[in-house]
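> Quick one: sequence plus predicted model below, questions after.
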Amino acid sequence: MPSQAMQGSMDALRDRQRASANQDQPTLEELRATFVPGDRLHPVPDDVLVTDVDAGGVPAHWLAAPGADAGRVLLFLHGGGFELGSVRSDGELASRLGRASGMRVLFPEYRLAPEHHFPAAIDDVVAAWRWLRGDQGLSARSIAVAGDSAGGGLAVALLVAARDAGEALPAAAALMSPTVDLTSSGASMTERADQDPISTPAMPRQFAADYLAGADPKTPLASPLFAALSGLPPLLIQVGTADLLLSDSERLAAAATEAGVDVTLQIGEGLPHVYQLLLGTPEAAEATERIGKFLRARVSPSPPR
């Protein structure tokens, strides 16, 4: 049962969902400028040092909370349906996970659809990963990847791409309501439609169409649920039951477990899509603590260069 604070946040999300149904469709530029993935916008905390960087040709930001270990890096991939989102929308969550895990965070601003369709986003993520390994000289065991929603799907796609290229893999991945099936074939796409306070079934389908631009939705790096998953590092998957994409997480966990991957699936009863964004709720605080503990146990400091 959601806490009182969580229920208040979900009520605010439902109010916004109802209001948007009665408004004219904003332009893409307006959507991006006003995008708030949670109940309200949370800025990057004042004590987090933000440094802009070119990560292998990809604009990115270092986010470093006080005491962060420079030798351990969390590669954070934001959500937004592959066409929304930035450090403005997800920087607080990324910073919070970095603080909880004691790691520096690299936040790439990967290219967005529909201007840049598949595989632009995953190409940028792979470029940022290789920049960390090559230019920054970091051991793969000192890097983890985290992502929410579309960013969670990109995180799994990165693991698959790196494995298929014969590269060493990140030490672990933390996935929050990951989007891993662009066919929208999961049972929860219909079964949870009346419970989800954020999305309608049409929304992820439109995002997928804009991102794919005609590509096969079962292409593994677009929908990593359909990829071979053997050999991937430990996965922590968090999702709520009031989420259209619940089935994505459940099927990913089952497929990865069957492939021999160490998987921890945490399902929050009555919680919405990427509930970790809802700062100030005990559920978001607990999820953050669990992710931090998971990463601390698996990511090793990189040896001095």
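Sure thing, it's come through.

> my read: A128 touches V53, true?
No: contact criterion C-beta atoms under 8 Å: A128 and V53 do not qualify, at 9.7 Å. C-beta coordinates here come from the backbone N, C-alpha and C atoms, glycine included.

> out of these two, which sits in the more crowded spot?
A128 (26 against 17; other C-beta atoms under 10 Å).

> Can you list the helices and strands that the helix or strand hosting the more buried one packs against?
In the assignment (DSSP states H and E), A128 maps to helix 120-133. Under the contact criterion of 3 or more C-beta pairs under 8 Å, 6 or more residues apart in numbering; DSSP states H and E, helix 120-133 touches strand 49-55, strand 58-64, strand 69-77, strand 103-108, strand 143-148, helix 150-164.

> in the following helix or strand past the third one, what counts as buried?
This means strand 69-77. Heading C-terminal from strand 69-77, the first helix or strand you meet, by DSSP H and E, is helix 87-101. Residues of helix 87-101 classed as buried: 87, 89-101 (neighbour count, 16 or more other C-beta atoms under 10 Å).

> One more: stretch 248-266?
Quick answer for stretch 248-266 (16+ other C-beta under 10 Å): 248-253, 255-256, 261, 263, 265-266.

> contact partners of it?
156, 175, 177-181, 186, 188, 224-225, 228-239, 267, 287, 290, 294 (C-beta atoms under 8 Å, 6 or more residues apart in numbering).

> For the lengthiest helix in the chain, list the C-alpha coordinates in CSV.
Longest helix in the chain by number of residues (criterion: DSSP state H): helix 4-21. Extracted C-alpha coordinates of helix 4-21, given in CSV (Å, rounded to 0.1, in the frame of the first residue of the first chain):
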residue,chain,number,x,y,z
GLN,A,4,0.5,8.9,2.3
ALA,A,5,3.3,10.9,0.7
MET,A,6,3.4,8.6,-2.3
GLN,A,7,-0.4,8.7,-2.6
GLY,A,8,-0.3,12.5,-2.6
SER,A,9,2.3,12.4,-5.4
MET,A,10,0.3,10.0,-7.4
ASP,A,11,-2.8,12.1,-7.0
ALA,A,12,-0.8,15.1,-8.4
LEU,A,13,0.2,12.9,-11.4
ARG,A,14,-3.3,11.9,-12.1
ASP,A,15,-4.5,15.5,-11.9
ARG,A,16,-1.9,16.4,-14.5
GLN,A,17,-2.8,13.4,-16.7
ARG,A,18,-6.5,14.5,-16.7
ALA,A,19,-5.6,18.1,-17.4
SER,A,20,-3.4,17.2,-20.3
ALA,A,21,-6.2,15.2,-21.9
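
> Skip ahead from it and say which helix or strand is next.
helix 28-34.

> and that following helix, what's its mean pLDDT?
For helix 28-34, mean pLDDT rounds to 93.

> Now find how far off-centre that helix is within its chain.
What separates the centre of helix 28-34 from the centre of its chain is 20 Å, taken as C-alpha atoms, centre = their mean, to the nearest Å.

> likewise stretch 61-79?
Relative to its chain's centre, stretch 61-79 lies at 14 Å (C-alpha atoms, centre = their mean).

> any low-confidence regions in this structure?
303-305 (pLDDT under 70).

> at 90 instead, please
1, 17-25, 193, 199-200, 301-305 (pLDDT under 90).

> if I look at R133, how far off is V73?
Distance of R133 to V73, computed by C-beta to C-beta, to the nearest Å: 10 Å.

> anything in contact with each of those two?
With C-beta under 8 Å, 6+ apart as the test, R133 and V73 both reach I143.

> In terms of neighbours, single out the busier of these two.
Using other C-beta under 10 Å as the criterion, R133 and V73 rank with V73 on top: 25 against 19.
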